[in-house]
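# Got a sequence here, can you build the structure:
(chains A, B, C and D)
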Protein chains: 2
Amino acid sequence: MAVATPSDLAEALSAVSPAERRAVLQEAEQLRRDQCCGGSSLAEHIDPGAASQAAAIGKALADPVRAQLFDLLRRHGGEVCQCELSPLFELTQPTLSHHLRKLADARLVSVERRGRWAYYSINAEALDELRAWLS
Amino acid sequence: MAVATPSDLAEALSAVSPAERRAVLQEAEQLRRDQCCGGSSLAEHIDPGAASQAAAIGKALADPVRAQLFDLLRRHGGEVCQCELSPLFELTQPTLSHHLRKLADARLVSVERRGRWAYYSINAEALDELRAWLS
DNA sequence: TTGATGTATTGACAAGTATCAATCTCTTGG
DNA sequence: CCAAGAGATTGATACTTGTCAATACATCAA
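Alright, predicted model coming up:
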(Lines give C-alpha, C1' and ligand atoms only; values in the text may rest on other atoms or scores of the structure.)
Protein backbone atom coordinates (compact mmCIF):
# COMPACT_ATOMS: atom_id res chain seq x y z
CA MET A 1 0.00 0.00 0.00
CA ALA A 2 1.61 3.19 -1.17
CA VAL A 3 0.33 6.71 -0.68
CA ALA A 4 1.47 9.12 -3.35
CA THR A 5 -0.66 12.23 -3.00
CA PRO A 6 -3.02 13.81 -0.47
CA SER A 7 -5.97 12.91 -2.64
CA ASP A 8 -4.82 9.31 -2.57
CA LEU A 9 -4.60 9.68 1.18
CA ALA A 10 -8.20 10.78 1.48
CA GLU A 11 -9.27 7.78 -0.55
CA ALA A 12 -7.15 5.42 1.44
CA LEU A 13 -8.61 6.66 4.72
CA SER A 14 -12.19 5.80 3.82
CA ALA A 15 -13.69 2.60 5.14
CA VAL A 16 -10.70 0.94 6.77
CA SER A 17 -10.07 -0.41 10.25
CA PRO A 18 -8.45 1.83 12.91
CA ALA A 19 -5.24 -0.18 12.66
CA GLU A 20 -5.07 0.26 8.93
CA ARG A 21 -5.98 3.90 9.29
CA ARG A 22 -3.07 4.39 11.67
CA ALA A 23 -0.69 2.71 9.26
CA VAL A 24 -1.85 4.92 6.43
CA LEU A 25 -1.43 8.06 8.51
CA GLN A 26 2.03 6.98 9.56
CA GLU A 27 3.02 6.38 5.98
CA ALA A 28 1.65 9.76 5.01
CA GLU A 29 3.67 11.33 7.81
CA GLN A 30 6.78 9.65 6.47
CA LEU A 31 5.97 10.86 2.99
CA ARG A 32 5.55 14.42 4.19
CA ARG A 33 8.79 14.16 6.12
CA ASP A 34 10.68 12.90 3.09
CA GLN A 35 9.67 15.97 1.14
CA CYS A 36 11.87 18.24 3.20
CA CYS A 37 14.66 15.91 4.25
CA GLY A 38 15.94 12.42 3.83
CA GLY A 39 15.11 9.90 6.51
CA SER A 40 18.19 10.77 8.54
CA SER A 41 18.30 9.21 11.97
CA LEU A 42 18.35 12.17 14.30
CA ALA A 43 16.96 10.66 17.45
CA GLU A 44 20.12 8.70 18.07
CA HIS A 45 22.01 11.91 18.67
CA ILE A 46 20.02 13.06 21.66
CA ASP A 47 21.95 13.02 24.92
CA PRO A 48 19.96 14.93 27.54
CA GLY A 49 22.59 14.34 30.21
CA ALA A 50 25.44 15.91 28.30
CA ALA A 51 23.20 18.71 27.12
CA SER A 52 21.95 19.67 30.56
CA GLN A 53 25.48 19.62 31.89
CA ALA A 54 26.55 21.84 29.02
CA ALA A 55 23.65 24.14 29.80
CA ALA A 56 24.81 24.39 33.41
CA ILE A 57 28.22 25.49 32.22
CA GLY A 58 26.65 27.86 29.76
CA LYS A 59 24.55 29.39 32.53
CA ALA A 60 27.65 29.98 34.60
CA LEU A 61 29.32 31.79 31.71
CA ALA A 62 26.18 33.60 30.58
CA ASP A 63 26.91 36.71 32.62
CA PRO A 64 29.50 39.27 31.45
CA VAL A 65 30.98 39.59 34.92
CA ARG A 66 31.38 35.85 35.30
CA ALA A 67 32.80 35.46 31.80
CA GLN A 68 35.28 38.18 32.70
CA LEU A 69 36.18 36.49 35.96
CA PHE A 70 36.63 33.17 34.24
CA ASP A 71 38.76 34.72 31.51
CA LEU A 72 40.83 36.53 34.09
CA LEU A 73 41.52 33.44 36.15
CA ARG A 74 42.27 31.39 33.08
CA ARG A 75 44.76 33.85 31.65
CA HIS A 76 46.38 34.58 34.98
CA GLY A 77 46.74 30.98 36.03
CA GLY A 78 47.06 29.92 39.65
CA GLU A 79 45.20 31.35 42.58
CA VAL A 80 43.77 34.83 42.87
CA CYS A 81 42.51 36.38 46.07
CA GLN A 82 38.99 37.75 45.98
CA CYS A 83 40.27 40.97 47.49
CA GLU A 84 42.42 41.33 44.40
CA LEU A 85 39.50 40.80 42.05
CA SER A 86 37.21 43.22 43.83
CA PRO A 87 38.86 46.49 42.71
CA LEU A 88 38.64 45.38 39.07
CA PHE A 89 34.85 45.38 39.09
CA GLU A 90 32.45 48.14 40.00
CA LEU A 91 30.31 45.86 42.08
CA THR A 92 29.52 45.55 45.74
CA GLN A 93 31.25 42.79 47.63
CA PRO A 94 28.15 40.58 47.96
CA THR A 95 27.56 40.72 44.23
CA LEU A 96 31.11 39.67 43.43
CA SER A 97 30.85 36.91 45.99
CA HIS A 98 27.61 35.81 44.35
CA HIS A 99 29.21 35.54 40.92
CA LEU A 100 32.21 33.64 42.20
CA ARG A 101 29.88 31.25 43.95
CA LYS A 102 28.02 30.59 40.73
CA LEU A 103 31.27 29.79 38.98
CA ALA A 104 32.26 27.50 41.83
CA ASP A 105 28.86 25.77 41.85
CA ALA A 106 29.32 25.01 38.16
CA ARG A 107 32.75 23.62 39.08
CA LEU A 108 34.39 25.98 36.62
CA VAL A 109 36.55 27.37 39.40
CA SER A 110 37.83 26.04 42.69
CA VAL A 111 37.94 28.00 45.90
CA GLU A 112 40.21 27.59 48.88
CA ARG A 113 39.95 29.64 52.01
CA ARG A 114 43.14 30.49 53.86
CA GLY A 115 42.84 32.66 56.89
CA ARG A 116 40.62 35.60 56.14
CA TRP A 117 41.07 35.31 52.43
CA ALA A 118 39.44 33.27 49.69
CA TYR A 119 41.55 32.19 46.74
CA TYR A 120 39.94 31.28 43.45
CA SER A 121 41.47 29.35 40.56
CA ILE A 122 40.40 27.65 37.35
CA ASN A 123 39.23 24.06 37.69
CA ALA A 124 41.21 22.43 34.89
CA GLU A 125 39.09 19.29 35.00
CA ALA A 126 35.85 21.09 34.19
CA LEU A 127 37.61 23.09 31.52
CA ASP A 128 38.72 19.88 29.85
CA GLU A 129 35.20 18.50 29.98
CA LEU A 130 33.91 21.61 28.31
CA ARG A 131 36.52 21.38 25.59
CA ALA A 132 35.73 17.71 25.09
CA TRP A 133 32.04 18.49 24.63
CA LEU A 134 32.94 20.87 21.83
CA SER A 135 35.07 18.39 19.89
CA MET B 1 58.65 56.95 54.08
CA ALA B 2 57.71 53.38 54.90
CA VAL B 3 54.58 52.17 56.68
CA ALA B 4 55.03 48.96 58.59
CA THR B 5 52.07 48.58 60.93
CA PRO B 6 48.62 50.14 61.43
CA SER B 7 49.89 52.06 64.43
CA ASP B 8 52.65 53.51 62.27
CA LEU B 9 49.93 54.43 59.80
CA ALA B 10 48.01 56.42 62.37
CA GLU B 11 51.15 58.30 63.27
CA ALA B 12 52.01 58.98 59.66
CA LEU B 13 48.57 60.42 58.97
CA SER B 14 48.81 63.17 61.56
CA ALA B 15 49.76 66.64 60.46
CA VAL B 16 50.64 66.12 56.81
CA SER B 17 49.41 67.73 53.61
CA PRO B 18 46.51 66.15 51.67
CA ALA B 19 48.94 65.03 48.96
CA GLU B 20 51.18 63.30 51.45
CA ARG B 21 48.18 61.85 53.18
CA ARG B 22 47.01 60.33 49.91
CA ALA B 23 50.43 58.82 49.28
CA VAL B 24 50.49 57.28 52.73
CA LEU B 25 47.04 55.79 52.30
CA GLN B 26 48.02 54.34 48.95
CA GLU B 27 51.10 52.78 50.42
CA ALA B 28 49.07 51.32 53.26
CA GLU B 29 46.65 49.87 50.72
CA GLN B 30 49.54 48.24 48.93
CA LEU B 31 50.82 46.87 52.20
CA ARG B 32 47.47 45.37 53.05
CA ARG B 33 47.23 43.92 49.56
CA ASP B 34 50.63 42.28 49.83
CA GLN B 35 49.55 40.40 52.92
CA CYS B 36 47.18 38.16 50.97
CA CYS B 37 48.88 37.97 47.62
CA GLY B 38 51.98 39.02 45.79
CA GLY B 39 51.78 42.09 43.62
CA SER B 40 50.70 40.10 40.58
CA SER B 41 49.60 42.22 37.67
CA LEU B 42 46.01 41.22 37.17
CA ALA B 43 44.65 44.27 35.43
CA GLU B 44 46.51 43.46 32.24
CA HIS B 45 44.39 40.36 31.80
CA ILE B 46 41.10 42.15 31.47
CA ASP B 47 39.58 42.00 28.02
CA PRO B 48 35.97 43.20 28.21
CA GLY B 49 35.40 42.61 24.51
CA ALA B 50 36.33 38.97 24.54
CA ALA B 51 34.46 38.45 27.79
CA SER B 52 31.21 39.98 26.60
CA GLN B 53 31.39 37.95 23.43
CA ALA B 54 31.97 34.84 25.50
CA ALA B 55 29.01 35.79 27.64
CA ALA B 56 26.84 36.08 24.55
CA ILE B 57 27.79 32.56 23.53
CA GLY B 58 27.27 31.36 27.08
CA LYS B 59 23.81 32.91 27.11
CA ALA B 60 22.93 31.10 23.92
CA LEU B 61 23.97 27.77 25.41
CA ALA B 62 22.55 28.49 28.87
CA ASP B 63 19.24 26.80 28.16
CA PRO B 64 18.92 22.99 28.15
CA VAL B 65 16.84 23.01 25.00
CA ARG B 66 19.34 25.14 23.14
CA ALA B 67 22.29 23.11 24.38
CA GLN B 68 20.47 20.02 23.16
CA LEU B 69 19.78 21.59 19.78
CA PHE B 70 23.38 22.67 19.44
CA ASP B 71 24.64 19.22 20.42
CA LEU B 72 22.24 17.59 18.01
CA LEU B 73 23.28 19.72 15.08
CA ARG B 74 26.94 19.33 15.90
CA ARG B 75 26.81 15.55 16.12
CA HIS B 76 24.58 15.17 13.10
CA GLY B 77 26.54 17.48 10.87
CA GLY B 78 25.03 19.20 7.89
CA GLU B 79 21.60 20.71 7.66
CA VAL B 80 18.57 19.71 9.64
CA CYS B 81 15.04 20.81 8.89
CA GLN B 82 13.14 22.43 11.76
CA CYS B 83 10.26 20.11 11.08
CA GLU B 84 12.61 17.26 11.86
CA LEU B 85 13.71 18.81 15.14
CA SER B 86 10.22 19.58 16.30
CA PRO B 87 9.08 16.02 17.16
CA LEU B 88 12.17 15.54 19.34
CA PHE B 89 11.09 18.23 21.79
CA GLU B 90 7.90 18.57 23.76
CA LEU B 91 7.55 22.21 22.93
CA THR B 92 5.18 24.29 20.89
CA GLN B 93 6.39 25.40 17.50
CA PRO B 94 6.85 29.06 18.46
CA THR B 95 9.03 28.08 21.40
CA LEU B 96 11.27 25.91 19.27
CA SER B 97 11.49 28.69 16.71
CA HIS B 98 12.43 31.08 19.52
CA HIS B 99 15.30 28.88 20.67
CA LEU B 100 16.63 28.36 17.18
CA ARG B 101 16.55 32.09 16.65
CA LYS B 102 18.61 32.66 19.78
CA LEU B 103 21.21 30.21 18.54
CA ALA B 104 21.24 31.93 15.17
CA ASP B 105 21.50 35.40 16.74
CA ALA B 106 24.58 34.20 18.63
CA ARG B 107 25.92 32.95 15.30
CA LEU B 108 26.28 29.47 16.73
CA VAL B 109 24.09 28.09 13.97
CA SER B 110 23.24 29.18 10.46
CA VAL B 111 19.80 29.06 8.95
CA GLU B 112 18.75 28.80 5.33
CA ARG B 113 15.20 28.87 4.15
CA ARG B 114 14.27 26.79 1.15
CA GLY B 115 10.66 26.80 0.12
CA ARG B 116 8.49 26.32 3.16
CA TRP B 117 11.25 24.80 5.21
CA ALA B 118 14.03 26.19 7.36
CA TYR B 119 17.29 24.28 7.56
CA TYR B 120 19.64 24.78 10.47
CA SER B 121 23.30 23.83 10.70
CA ILE B 122 26.29 24.47 12.92
CA ASN B 123 28.29 27.59 12.16
CA ALA B 124 31.80 26.13 12.17
CA GLU B 125 33.40 29.54 12.37
CA ALA B 126 31.75 30.44 15.66
CA LEU B 127 32.53 27.01 17.01
CA ASP B 128 36.21 27.55 16.28
CA GLU B 129 36.14 30.92 18.00
CA LEU B 130 34.61 29.36 21.06
CA ARG B 131 37.23 26.63 21.15
CA ALA B 132 39.97 29.20 20.68
CA TRP B 133 38.67 31.21 23.61
CA LEU B 134 39.00 28.14 25.80
CA SER B 135 42.61 27.39 24.88
C1' DT C 1 -7.12 32.34 -6.49
C1' DT C 2 -7.85 29.62 -2.53
C1' DG C 3 -6.71 26.55 1.00
C1' DA C 4 -3.14 24.19 3.39
C1' DT C 5 1.31 23.98 5.59
C1' DG C 6 5.90 25.31 7.67
C1' DT C 7 7.81 29.02 10.09
C1' DA C 8 8.10 33.62 12.41
C1' DT C 9 6.21 37.26 15.34
C1' DT C 10 3.50 39.34 19.11
C1' DG C 11 1.54 39.70 23.68
C1' DA C 12 1.05 37.99 28.18
C1' DC C 13 2.48 35.72 32.17
C1' DA C 14 5.29 32.99 35.33
C1' DA C 15 9.85 31.82 36.74
C1' DG C 16 14.53 33.03 37.22
C1' DT C 17 18.34 36.26 38.29
C1' DA C 18 21.55 40.34 38.92
C1' DT C 19 22.01 43.78 42.09
C1' DC C 20 22.23 46.18 46.45
C1' DA C 21 21.77 47.16 51.61
C1' DA C 22 21.92 45.01 55.84
C1' DT C 23 23.54 41.44 58.51
C1' DC C 24 26.13 37.37 59.81
C1' DT C 25 30.31 34.27 60.31
C1' DC C 26 34.94 33.44 60.83
C1' DT C 27 39.74 34.69 61.44
C1' DT C 28 43.44 37.69 62.92
C1' DG C 29 45.81 41.16 65.79
C1' DG C 30 46.14 43.42 70.07
C1' DC D 1 38.50 38.90 75.57
C1' DC D 2 37.54 42.54 72.04
C1' DA D 3 37.67 45.10 67.65
C1' DA D 4 38.57 44.99 62.83
C1' DG D 5 38.47 43.01 58.43
C1' DA D 6 37.41 39.52 54.54
C1' DG D 7 33.98 37.07 52.85
C1' DA D 8 29.20 34.77 52.86
C1' DT D 9 24.23 34.97 53.47
C1' DT D 10 19.54 37.02 53.43
C1' DG D 11 15.71 39.87 51.82
C1' DA D 12 13.93 43.01 48.56
C1' DT D 13 13.51 44.77 43.96
C1' DA D 14 13.96 45.51 39.07
C1' DC D 15 14.97 43.22 35.01
C1' DT D 16 15.39 39.23 32.01
C1' DT D 17 13.62 35.13 29.88
C1' DG D 18 11.18 30.63 28.82
C1' DT D 19 6.72 29.36 27.59
C1' DC D 20 2.29 29.30 25.31
C1' DA D 21 -1.91 30.98 22.60
C1' DA D 22 -3.09 33.69 18.93
C1' DT D 23 -1.85 35.55 14.80
C1' DA D 24 0.82 36.90 10.76
C1' DC D 25 3.74 35.71 6.91
C1' DA D 26 5.40 32.98 3.05
C1' DT D 27 5.22 29.19 -0.04
C1' DC D 28 3.24 25.34 -2.42
C1' DA D 29 -0.72 22.54 -4.37
C1' DA D 30 -4.98 22.34 -6.68
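# from here on, contacts and neighbour counts on C-alpha atoms
Noted.
# so who does the closest residue to A:K102 other than its chain neighbours touch?
Excluding the flanking residues, the one nearest A:K102 by Cα to Cα, 6 or more residues apart in numbering or on different chains is A:A60, at 6.2 Å. By Cα atoms under 8 Å, 6 or more residues apart in numbering or on different chains, the contact set of A:A60 is A:R66, A:K102, A:L103, A:A106, B:G58, B:A62.
# From B:A118, how far off is A:A60?
Noted for A:A60: a distance of 31 Å to B:A118, by Cα to Cα, to the nearest Å.
# now swap in A:A55 and tell me
With Cα to Cα as the criterion, A:A55 and B:A118 are 24 Å apart.
# So for those two, which sits in the more crowded spot?
Neighbour totals were compared for A:A55 and B:A118, and A:A55 leads with 24 against 15 (other Cα atoms under 10 Å in any protein chain shown).
# any idea where the strands of chain A begin and end?
Assigned by DSSP state E, chain A shows strands spanning A:80-81, A:109-114, A:117-122.
# Which one of the ones you listed lies nearest to A:A43?
Closest of those to A:A43 is strand A:109-114, at 33.8 Å (criterion: Cα to Cα).
# Which secondary structure elements does the closest one sit against?
Counting contacts by 3 or more Cα pairs under 8 Å, 6 or more residues apart in numbering or on different chains; DSSP states H and E, strand A:109-114 is packed against helix A:93-105, strand A:117-122.
# Now do it: distance to the chain's middle.
26 Å (Cα atoms, centre = their mean, to the nearest Å).
# how far off strand A:117-122 does it point, in degrees?
On the basis of axes from the mean of the first three to the mean of the last three Cα atoms, to 10 degrees, strand A:109-114 is oriented at 160 degrees to strand A:117-122.
# So in that sheet, which strands flank strand A:109-114, and in what orientation?
Strands that pair with strand A:109-114, judged by DSSP bridges, come out as strand A:117-122 (antiparallel).
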